[in-house]
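Visitor: test case, fold it:
(chains A, B and C)
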Amino acid sequence: MKIKNTTLMTLTLALGLAGSVYAAEEGDIAPDFTLPSIHAEAADITLSDLRGKVVYLDFWASWCAPCLKSLPLYNDMYHRYKDQGLEVVAVNVDNPIEDGTEWLIDTPLDFLIPADPDGVVPELYEVFGMPTSYLIDTDGTVKLVHMGFRDGDMEVIEAEVQELLAAQ
Amino acid sequence: MKQLPRVLALFLAFAMISGCVEVRPWERGYLARDEMAWDSDPLESALNDHIFFSKEASSGGSSAAGGGCGCN
Amino acid sequence: MKTHYSRSLIALSTTALALPGISQGDAPPLDSTFSYKFSNYKEDDLSRTEAPFGELERYDIDVHQFQLITPWGRNMALQVDGNYESLSGASPWFTSTGLDGEPVVNLSGASGIRDRRSELAIGARYYLENGSIGGNIGYSEEDDYRARYIGLSGERHFNNDLTTIGLGFSHSADDIFPTDASLFNRVASESKQSTSLVLSVSQIINQTTTVQTALSITEQSGYLSDPYKLFDVRPDDKTQFAWSSSFRHFFVEAEAAAHVNYRLYHDDFGVSSHTLDFAWHQNLPDDWRIIPNIRYYTQSAAKFFTNIDNPFTSSDQYQSSDYRLAAFGAISGGFSVVKNWGVWTGTLTAERYVAKEKYSGYTVALPSTALVSYTRLSVGFDYTF
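Guide: Numbering: from 1, shown residues only, chains lettered A, B, ... in the order given. This next block holds a predicted model:
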């Protein structure tokens, strides 16, 4: 598992922060970040690299039951729309990271999964509940903030995703 | 009950402990564990409340127990 | 024969589907869970010194508990609870003096008692952004007793979900119609009501520690005596207070949680009590968990407790030799083993309870000869679907 050098990451965040000071609300530019992938062999993930795509950003942990319910559904959604320009980024905040990697063994997911055990990025976004997801348009603007995951939420989220993909 | 004002004051003082440490939503992994719940086995708590009610004179005060019970 | 305690406070416990302060915004469950537990507890026989005449064997009770919790729509959860109990054995009928003038106990009925009780409760809970509200209703029935109860509770999170305040209300109405009333000159039909209020505050202290404190007040009125005890006369109203505090801490290195609970109680029958219990939840490899626990309890006697019944007391003077109103202490300890296999969880529990005059933290002016000890075994499972 490659752990990014703290100084380098802080610098990256500092540069990213120059663009937005506040927590991410609808209408704000989504704060940029660079995090290592939870998969040891995969490349680091930088949010701004995904500019031009519709990004569904989610924060999850293995101890959060609604998160675990939502992830396989997000995987299905990713497969349905990735060719239309959808990217799913699900930031894992498990500490220790092993709790997250262990859960993933039984549930393969094909989208980008950054690892943030120190919780730097949820702090940046001022996440106020688990799970919280942000639907970001092709310009990097937050279009939808969704907290929690309950019965019927998937339909609402997918409708918003379709709308954004159609608009690009 | 003579001690009621004192008990009430103690209760309120205890209840006023707030924001000792800011625990962020993504830092609640340990608190989310089954064994950290107030009541990790509701049927067991209900059964114990039931049995103790029937063998002792005290009752009440407990929270989140789940499961109805009666007494013999 | 049997002592029935109001269902009111028990009703309160069934309304609390959600556990305070911790889960992600206090959300409804996404899966259904069915739970079942079977228990047997058997009270120790009396000794010949305690009961020179008649029966020695006390209660032997089987309990079946069922629970179903299921999500309903986006914001709600439903809960159904059922209990079925069957009881056999005997219970203290009256106390008298033995051959040396010391107090002795006499158990009821040469043939013993058999009784069955069924109970059903239904509840619902609605989850909002910052809290939840719920209610339940229940009904319990046996040969000589019927209870109906209702409960309502709500809780709200504050302070970034670090603090939760809860309020609960419950009320029950019970009817008692003792068996063989005319034969034994018992009351034919009586009723009692009970109303409770509970206020609780829970607080997250840090990533591994939570505390909770709750204050409850209960008012009972109606027929509060035990119709099966020959010379039992109690006041027709009773006010009770209980203050409970709980502490939970997770030890990361040990992968174990410590639970400590303390309750202070007082009522206007004159009974005060302290309860302290401690449990250690130890996780083991392969989804096993062991939970040893210990409890200490002590109470003072009711003002009108006597260990030798006076058959000639006038009806306006209160009296009871019910051991439950005596001063005593009790120590109990148990052990549970839990194993999880995906959607199934199994639990096995053993517990031993011993009440003795010498364990009492309060002065024992009149020791009861009918204090009880028992052994309990339980087996249960949960299934999530």
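
Visitor: wait, residue A:123 sits on residue B:24?
Guide: Yes: counting by CB atoms under 8 Å, residue A:123 touches residue B:24, with 6.9 Å between them. Heads up, the C-betas are built off the backbone N, CA and C, glycines and all.

Visitor: who's more crowded, the two?
Guide: Taking other CB atoms under 10 Å in any protein chain shown, residue A:123 and residue B:24 do not tie; residue B:24 has more neighbours (17 against 14).

Visitor: what's the closest non-adjacent residue to the more buried one?
Guide: Distances taken as CB to CB, 6 or more residues apart in numbering or on different chains place residue A:119 nearest to residue B:24, at 6.4 Å, with adjacent residues excluded.

Visitor: what about the one you found, neighbour count?
Guide: Residue A:119, neighbours per other CB under 10 Å, totals 18.

Visitor: what's the answer for the one 5 residues further on, then?
Guide: Counted by other CB under 10 Å, the residues lying close to residue A:124 total 19.

Visitor: how is the nearest residue to it once chain neighbours are set aside assigned, secondary-structure-wise?
Guide: Using CB to CB, 6+ apart and skipping residues adjacent in sequence, the residue nearest residue A:124 is residue A:31, 4.8 Å away. Following DSSP: H, G, I helix; E, B strand; the rest coil, we place residue A:31 in the coil state.

Visitor: rounded mean pLDDT for stretch A:32-50, please.
Guide: Averaging pLDDT along stretch A:32-50 yields 95.

Visitor: from residue A:86, how far off is the residue most central in space within chain A?
Guide: In chain A, the residue lying closest to the centroid (CA atoms, centre = their mean) is residue A:57, at 2.9 Å. Note on residue A:57: its distance to residue A:86, by CB to CB, to the nearest Å, is 12 Å.

Visitor: ok, back up a step: my read is that the residue nearest to residue B:24 contacts residue B:28, right?
Guide: No: counting by CB under 8 Å, residue A:119 sits too far from residue B:28 to count as a contact (10.9 Å).

Visitor: please see if the helix or strand residue C:133 falls within touches chain A.
Guide: Assigned by DSSP states H and E, residue C:133 belongs to strand C:131-142. No: Strand C:131-142 stays clear of chain A (CB under 8 Å from any CB of the partner chain), getting no nearer than 12.9 Å.

Visitor: relative to that strand, what are the paired strands and their orientations?
Guide: Here strand C:131-142 is paired, per DSSP bridges, with strand C:113-127 (antiparallel), strand C:145-158 (antiparallel).

Visitor: tell me which of those is the most buried.
Guide: strand C:145-158 (a mean of 21; mean count of other CB atoms under 10 Å in any protein chain shown).

Visitor: off-centre distance for that strand?
Guide: Its chain's C-alpha centre and that of strand C:145-158 lie 16 Å apart, by CA atoms, centre = their mean, to the nearest Å.

Visitor: so which residues of chain A form strands?
Guide: A:34-35, A:45-46, A:54-60, A:86-92, A:132-136, A:142-147 (DSSP state E).

Visitor: hang on, the earlier thing: and the residue nearest to residue B:24, what does it touch?
Guide: A:93, A:95, B:24, B:26-27 (CB atoms under 8 Å, 6 or more residues apart in numbering or on different chains).

Visitor: any idea how far the residue lying closest to residue A:39 once chain neighbours are set aside lies from residue A:137?
Guide: Distances taken as CB to CB, 6+ apart put residue A:113 closest to residue A:39, at 7.0 Å, once the chain neighbours are dropped. Distance, residue A:113 to residue A:137, using CB to CB: 22 Å.

Visitor: neighbour-wise, which of these two wins?
Guide: Taking other CB under 10 Å, residue A:113 and residue A:137 do not tie; residue A:113 has more neighbours (23 against 18).

Visitor: my read: that one touches residue A:35, true?
Guide: No: if you go by CB under 8 Å, residue A:113 and residue A:35 don't touch, sitting 9.6 Å apart.

Visitor: got any residues that touch both of the two?
Guide: residue A:91.

Visitor: where along chain B do the helices fall?
Guide: B:4-15, B:42-55 (DSSP state H).

Visitor: mean pLDDT lowest where, among the ones you listed?
Guide: Lowest mean pLDDT within these: helix B:4-15, a mean of 64.

Visitor: what's the closest non-adjacent residue to residue 133?
Guide: Because you didn't say which chain, this covers chain A. Nearest non-adjacent residue to residue A:133, counting by CB to CB, 6+ apart: residue A:58, 4.2 Å away.

Visitor: wrong chain, I was asking about chain C
Guide: Counting by CB to CB, 6+ apart, residue C:133 lies nearest to residue C:154, which is 4.1 Å off, once chain neighbours are set aside.
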